[in-house]
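Q: A predicted structure for the sequence below; I have some questions about it.
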Amino acid sequence: MKKNPSIFNDVMGPIMRGPSSSHSAASVRLGRMARDLMDGNIKDILVEFDPKGSLATTHDSQGSDMGLCGGFLGWEAYDERLVNYKEAMDESGINFKVEINDLNVDHPNIYKLTLKNDKETHKMIAISTGGGMIEVIEIDSIQVSMIGDYYETLIYSEETKILDYLKDLSFTDKITDLEGIDTNIIEIKDQKFLDEEVKKNLRSKIKGLVIKEIKPVLPILSREEMDVPFNNCEEMLKYNENKNWDLWELAVQYESIRGNISSKEVIEKMKKIVQIMKDAIFNGIEGTNYSDRILGYQSGEFKAQIEANKLLDCGILNQIILYITAIMETKSSMGVIVAAPTAGACGAIPGALIGAASLMKKSEEELAKAFLAAGIIGIFISNGATFSAEIGGCQAECGSASGMAAAGLVTLKEGKTKSAIDAASMALQNSFGMVCDPVANRVEVPCLGKNVMAASNALSCANMAMANFDAVIPLGEVIKAMNNVGRSIPHELRCTALGGLSITKTSKILEEKLRNN
Ligand code: SF4
């Protein structure tokens, strides 16, 4: 289980450009951490992917190479220069090479980096854990665990007296002595880097001391004494026994305690994220264009058909379909989106909630609360299952989004906490077994349809739950079962482009055509 995920770190984010959060955005974060390890001075980079993993077949088309290079150049995941990363790398003089080698690992999303400049060489191994989250698991052959939620100081030294000196200082967070075969690293996780005076003092004590400073890449930092009020749905219901709070209030409470920020700040942060999603919808409807793309501009036509009353009347569903299509088009043209919970599934939740809210005339505040309710369901999924399609297929992405959107829709309609949880349970139950088989190795087809299906399912389940339909299986048990089902989906159908629609004749022709573009 991950330690205390945050709605803003793990569920509603990152804010990014590119086709896939687990490829494009996770790799930017990793690249930025690697850049810091090299003090911003990189000459040669070797990136190795395992042939049995997902990245071997998807690193180029789904944006891992782009994200890594953006990170090596010090960019953010939403930097507009990402689209021209190859030219920028050429100009920077950094040699970037990718090799597919047997890494003897059992995770599908492993990055092995060897970084060199004229003075030093460092190695880093990291995992993309889904939805843009990463974990650096090894630096210079020493086991570490860094997810980018701290200011990390690494002191390379054999001298134990440094440790004594550091322990005398009043640190709020963690100091660990990490022993390797050839190297010894003292790792300090804190809310800031060491003061200049402390570093000067250390350097005066030990000659040739090497200090590396790796900046956080997540928006919400962690703390050693950090706690959360609950980790799963069962604990939350117990916590709520005498309070009778709405789901969004429980979400605010969770995030406020987790991030050490006020309830007001939590709501304001969510409002800003919702605004970015609204911009993505607006930009998509305005019209988008991008050469490396299968689908054209379809949202404009859909809008025109709604306005001409040429479509079946599905209540708010047509507005939802329009908004999902617009967001997915923005994503596929390298526009800015929010991975919620992932980039592939970035349309379902905002499409459902913003689409419904626009017709229900809901305020910004009410909309932010609905997103927070969706967010807390995401926390439970993050703790009990995964958002990574490489581990759990599309049920991990669009399935999760469906469960989260269902809870958000109930909240938007001012439904009870129980209804929101039941809606999430039902929507997840209906999503089991969804495979990930992107056409032409691009995150467009069947991704658009699956986002629409996720939101339609969410809408149905929200109404069913508010009409007191019986979800039968409690949410916590559903998430547990979902995790088991996801992991039993064959490797070929978990974002490897080795099965399903990915290997159809048309998919292969499209892939070749896009490659030649
Ligand atoms: S099929 Fe689903 S999981 Fe796979 S890339 Fe598309 S949206 Fe993501």
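A: Arrived safely.

Q: May I have the residues that are in contact with the residue in the stretch 301-450 of the chain positioned nearest to the ligand?
A: Residue of the stretch 301-450 of the chain nearest the ligand, by Cβ to the nearest ligand atom: Gly344 (2.6 Å). C-betas here are computed from N, CA, C, even on glycine. Taking Cβ atoms under 8 Å, 6 or more residues apart in numbering as the contact definition, Gly344 lies against 19-21, 389, 394, 397-398, 436, 438, 443, 447.

Q: Next step: those restricted to strands.
A: Using DSSP state E, no member of those sits in strands.

Q: Please enumerate the helices of the stretch 151-300 of the chain.
A: If DSSP state H, counting those that start in this stretch is used as the criterion, the helices of the stretch 151-300 of the chain fall at 160-168, 196-205, 233-239, 247-259, 263-286, 299-307.

Q: before we move on, what about the stretch 351-500 of the chain?
A: Taking DSSP H, counting those that start in this stretch to define them, one finds helices in the stretch 351-500 of the chain at 364-384, 389-392, 394, 400-412, 417-429, 447-466, 475-487.

Q: how about those in JSON lines, adding mean pLDDT and mean neighbour count?
A: Listed next are these as JSON lines, based on pLDDT from 0 to 100; neighbours: other Cβ atoms under 10 Å:
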{"stretch": "helix 364-384", "mean pLDDT": "98", "mean neighbour count": "26"}
{"stretch": "helix 389-392", "mean pLDDT": "94", "mean neighbour count": "28"}
{"stretch": "helix 394", "mean pLDDT": "98", "mean neighbour count": "32"}
{"stretch": "helix 400-412", "mean pLDDT": "98", "mean neighbour count": "34"}
{"stretch": "helix 417-429", "mean pLDDT": "98", "mean neighbour count": "27"}
{"stretch": "helix 447-466", "mean pLDDT": "98", "mean neighbour count": "24"}
{"stretch": "helix 475-487", "mean pLDDT": "98", "mean neighbour count": "19"}
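
Q: among those, which is nearest Glu241?
A: Closest approach to Glu241 among the helices of the stretch 351-500 of the chain (Cβ to Cβ): helix 417-429, 11.4 Å.

Q: got a markdown table for the helices of the stretch 351-500 of the chain, with distance to the ligand too?
A: A markdown table is the format used below for the helices of the stretch 351-500 of the chain (distance: least, Cβ to the nearest ligand atom, whole Å):
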| stretch | distance to the ligand |
| --- | --- |
| helix 364-384 | 14 |
| helix 389-392 | 3 |
| helix 394 | 3 |
| helix 400-412 | 9 |
| helix 417-429 | 15 |
| helix 447-466 | 3 |
| helix 475-487 | 11 |
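
Q: Endpoints of stretch 278-295, how far apart?
A: One end of stretch 278-295 sits 21 Å from the other (Cα to Cα, to the nearest Å).

Q: does the ligand sit close to it?
A: No - remark: stretch 278-295 sits outside contact range of the ligand, by Cβ under 6 Å from any ligand atom, the gap being at least 11.8 Å.

Q: List the residues that contact the most centrally placed residue in the chain.
A: Centroid-nearest residue in the chain, with Cα atoms, centre = their mean: Gly131, separated by 2.2 Å. Going by Cβ under 8 Å, 6+ apart, Gly131 touches 10-11, 21-22, 339, 341-342, 382, 387-388.

Q: residue contacts, the residue lying closest to it once chain neighbours are set aside?
A: The shortest distance from Gly131 to any non-neighbouring residue, by Cβ to Cβ, 6 or more residues apart in numbering, is to Phe387 (3.9 Å). Phe387 makes contact with 10, 22, 130-131, 133, 341-342, 378, 381, 396-397, 400, according to Cβ under 8 Å, 6+ apart.

Q: number of nearby residues for Asp227?
A: 8 (other Cβ atoms under 10 Å).

Q: And Leu359, by the same measure?
A: By other Cβ under 10 Å, 12 other residues sit near Leu359.

Q: got the contact list for it?
A: With contact set as Cβ under 8 Å, 6+ apart, Leu359 has these partners: 316, 319.

Q: quick one: it from Ser419, how far?
A: Per Cβ to Cβ, to the nearest Å, Leu359 is found 20 Å from Ser419.

Q: Check Leu166 too.
A: Per Cβ to Cβ, Leu166 is found 52 Å from Ser419.

Q: re the thing from before, filter the contacts of Gly131 down to the ones in helices?
A: In this view, those that belong to helices under DSSP state H are Ser382.

Q: which one in the contacts of Gly131 is the model shakiest on?
A: Among the contacts of Gly131, Ser22 has the lowest pLDDT, at 88.

Q: Check the burial of Asn309 by counting its neighbours.
A: Asn309 - counted by other Cβ under 10 Å - has 7 other residues nearby.

Q: And what about it, helix, strand or coil?
A: With DSSP: H, G, I helix; E, B strand; the rest coil as the basis, Asn309 sits in coil.

Q: Next up, the contacts around it.
A: Contacts for Asn309 (Cβ under 8 Å, 6+ apart) come out as none.

Q: So what does it have for phi and psi?
A: For Asn309, the backbone dihedrals are phi 60, psi 40 (criterion: degrees, to the nearest 10).

Q: Give me the pLDDT for it.
A: At Asn309, pLDDT is 97.

Q: how much space between it and Ala458?
A: Noted for Asn309: a distance of 25 Å to Ala458, by Cβ to Cβ.

Q: likewise Val136?
A: 35 Å.

Q: Mind putting the helices of the stretch 151-300 of the chain into a markdown table with distance to Lys480 and mean neighbour count?
A: Shown next, in a markdown table, are those (distance: least, Cβ to Cβ, whole Å; neighbours: other Cβ atoms under 10 Å):
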| stretch | distance to Lys480 | mean neighbour count |
| --- | --- | --- |
| helix 160-168 | 41 | 13 |
| helix 196-205 | 46 | 12 |
| helix 233-239 | 11 | 17 |
| helix 247-259 | 20 | 24 |
| helix 263-286 | 28 | 18 |
| helix 299-307 | 37 | 15 |
